[in-house]
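Engineer: Any chance you can model this:
(one chain, ligands or ions: 4)
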Amino acid sequence: LNLENDLRRALDRGEFVVHYQPQLHISTGQIIGMEALVRWNHHRRGLISPAEFIPLAEETGLIVQIGEWVLRTACLQCKKWLDSGYPGLRVAVNLSARQFQQKNIVEMVERILQETGLPGQMLELEITESVAMRHVEHAISILEQLKQLGVQISIDDFGTGYSSLSYLKKFPIQTLKIDKSFVHDISDSQDDGAIAASVIVMAHSLKLNVIAEGVETEEQLDFLRERDCDEFQGYLFSGPLTAEKFEEMLKMRK
Ligand code: G
Ligand code: G
Ligand code: MN
Ligand code: NA
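Structural biologist: Ligands and ions are numbered 1, 2, ... in the order given. Here you go, the predicted model:
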């Protein structure tokens with residue numbers, strides 16, 4: 001049983017699926033978009049979590065092809081929903097370190113927007129804090145080019161890495177995602193609550209949007225609402241859903 005060989009063949013075998021987790025506006029409860037999260041439906045082992053195979057895909061470089069497939073699939077799906085009467089829905093797609101380092105990353109994104117017909121404004125790309133901070137000047141240049149395409153950028157897992165405020169100000173980004181590790185104990189741990197609250201204040205003072213992830217309880221949502229957090233995602237409303245389930249949910253709320 002060789003996971004790497006299986007991963008190499010998984011794209012050809014059509015074993016990947018993309019799930020979508022709803023993202024909501026905190027004050028209105030409106031669904032504003034979704035995060036695309038890939039799943040591997042292995043022919044023998046069944047569903048394998050990305051936490052398990054993304055690191056392997058990164059090591060082997062397979063993430064470049066897999067990531068491109070995820071991006072195309074998510075953009076096509078978002079375009080389909082836009083065209084079928086759900087305007088304003090945007091899709092957020094995770095970019096891995098290796099993908100972000102590809103020389104042709106901007107061309108790849110541009111080509112996929114053209115192929116799928118999705119307006120750049122409807123796409124958000126998530127990069128982690130550590131990826132953004134690794135080669136700051138290079139990262140800023142890539143993000144500037146993505147911005148030219150209309151694409152929005154969010155910083156994922158914010159608070160877990162080492163970000164300098166002065167750098168953050170230079171990044172052409174629109175959104176900070178408060179990492180779920182801070183949200184988890186937000187109202188029990190004074191430290192986590194203070195971190196979450198100060199990320200919100202800081203983000204707003206830099207004119208950035210803030211989304212909290214991993215929101216599981218009403219208490220966590222209340223805390224975030226009271227502190228003016230803009231958006232949230234998490235099991236409290238819904239985990240990641242298949243495209244079919246996501247669409248059912250959209251229909252029910254219409
Ligand atoms: O979806 P969660 O259910 O288990 O995802 C686990 C981890 O895998 C998260 O850190 C998430 O960012 C990452 N992940 C999920 N989908 C993708 C993807 O399409 N590309 C990359 N690079 N990471 C992903
Ligand atoms: O690293 P990233 O933020 O991209 O990963 C998102 C991860 O968080 C996915 O694994 C997704 O399945 C998971 N997730 C989504 N909502 C919740 C939640 O409410 N609680 C927890 N613990 N995990 C969540
Ligand atoms: Mn993410
Ligand atoms: Na995250």
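Engineer: Kindly provide the whole-number mean pLDDT of stretch 231-244.
Structural biologist: Averaging pLDDT along stretch 231-244 yields 98.
Engineer: Are the biggest strand by length in the chain and ligand 4 in contact anywhere?
Structural biologist: For the chain, the strand with the greatest residue count under DSSP state E is strand 31-42. No. Remark: strand 31-42 sits outside contact range of ligand 4, by C-beta under 5 Å from the ion, the gap being at least 8.9 Å. Every C-beta, even on glycine, is put in place using the N, C-alpha and C of the backbone.
Engineer: neighbouring strands for that strand, and are they parallel or not?
Structural biologist: Under the criterion DSSP bridges, strand 31-42 sits next to strand 16-25 (antiparallel), strand 46-48 (antiparallel), strand 90-94 (parallel) in its sheet.
Engineer: quick one, what contacts residue 31?
Structural biologist: Contacts here follow C-beta atoms under 8 Å, 6 or more residues apart in numbering; on that basis residue 31 touches 22-25, 89, 250, 253.
Engineer: so which of the residues you listed comes closest to residue 136?
Structural biologist: residue 23 (27.5 Å; C-beta to C-beta).
Engineer: still on that earlier bit, include distance to ligand 2 and pLDDT when you put the contacts of residue 31 into TSV, please.
Structural biologist: Formatted as TSV, the contacts of residue 31 follow (distance: C-beta to the nearest ligand atom, whole Å; pLDDT from 0 to 100):
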residue	distance to ligand 2	pLDDT
22	10	98
23	10	98
24	12	98
25	17	98
89	18	96
250	18	96
253	19	88
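Engineer: which of those are buried?
Structural biologist: 22-24, 89, 250 (16 or more other C-beta atoms under 10 Å).
Engineer: Just the mean pLDDT for the longest strand of the chain, thanks.
Structural biologist: Rounded mean pLDDT across strand 31-42 is 97.
Engineer: Work out the gap between that strand and the centre of the chain.
Structural biologist: Put simply, strand 31-42 sits 9 Å off its chain's centre (C-alpha atoms, centre = their mean, to the nearest Å).
Engineer: Please see if it touches ligand 1.
Structural biologist: Yes. Interface with ligand 1: strand 31-42 contributes 37-38 (C-beta under 6 Å from any ligand atom).
Engineer: same check, this time on stretch 140-157
Structural biologist: No. If you take C-beta under 6 Å from any ligand atom as the test, stretch 140-157 misses ligand 1, and the best it gets is 6.5 Å.
Engineer: what does stretch 206-219 give?
Structural biologist: No. Using C-beta under 6 Å from any ligand atom, stretch 206-219 never reaches ligand 1; the gap is at least 9.6 Å.
Engineer: how long is that stretch end to end?
Structural biologist: 27 Å (C-alpha to C-alpha, to the nearest Å).
Engineer: Then stretch 39-49?
Structural biologist: 6 Å.
Engineer: In it, which residues are buried?
Structural biologist: 39-40, 42, 48.
Engineer: Ok, stretch 128-143 next?
Structural biologist: 128-129, 131-133, 139-140, 142-143.
Engineer: ok, so of the residues you listed, who is nearest ligand 2?
Structural biologist: residue 128 (7.5 Å; C-beta to the nearest ligand atom).
Engineer: Give me the distance between the closest one and residue 235.
Structural biologist: 21 Å (C-beta to C-beta, to the nearest Å).
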